[in-house]
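Enquirer: Here is my input; please provide its structure:
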Amino acid sequence: MKIKHTLLLIGLGWSFSIIGGLMKILHLRLADPLLTIGSFVQVIGIIALLYKILTNPKAKEFLNW
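Expert: Now for the predicted structure:
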């Protein structure tokens with residue numbers, strides 16, 4: 001998985017959360033599941049991004065480890 005894929009997951013999660021929040025304000029159905037899915041996608045994207053950054057050999061030089 002490339003870094004651009006992890007950023008895509010994070011952005012997709014944010015868009016789900018924003019749409020779910022708007023649906024929640026308008027009292028539409030399926031707002032709660034959309035907020036939950038958005039949060040899970042964001043968490044998966046952030047974990048994948050951290051894993052990708054920490055396993056990159058150039059990141060260790062940048063972080064002075």
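Enquirer: Show me what the helix or strand where Gly11 lies packs onto, helices and strands only.
Expert: Applying DSSP states H and E as the criterion places Gly11 in helix 3-25. With contacts defined as 3 or more C-beta pairs under 8 Å, 6 or more residues apart in numbering; DSSP states H and E, helix 3-25 has these neighbours: helix 31-55. Any C-beta I mention is one placed from the backbone N, CA and C, and that applies to glycine too.
Enquirer: Buried residues, the helix it packs on. List them.
Expert: Residues of helix 31-55 classed as buried under the neighbour-count rule (16 or more other C-beta atoms under 10 Å) are 31, 34-35, 37-38, 41-42, 45, 48-49.
Enquirer: Report the angle between it and helix 3-25.
Expert: Interaxial angle, helix 31-55 versus helix 3-25 (axes from the mean of the first three to the mean of the last three C-alpha atoms, to 10 degrees): 160 degrees.
Enquirer: Show the contacting residues for the nearest residue to Ile10 once chain neighbours are set aside.
Expert: Taking C-beta to C-beta, 6 or more residues apart in numbering, and ignoring the residues beside it in sequence, Ile10 has Gly45 as its nearest neighbour in space, at 3.8 Å. Gly45 makes contact with 6-10, 12-13, according to C-beta atoms under 8 Å, 6 or more residues apart in numbering.
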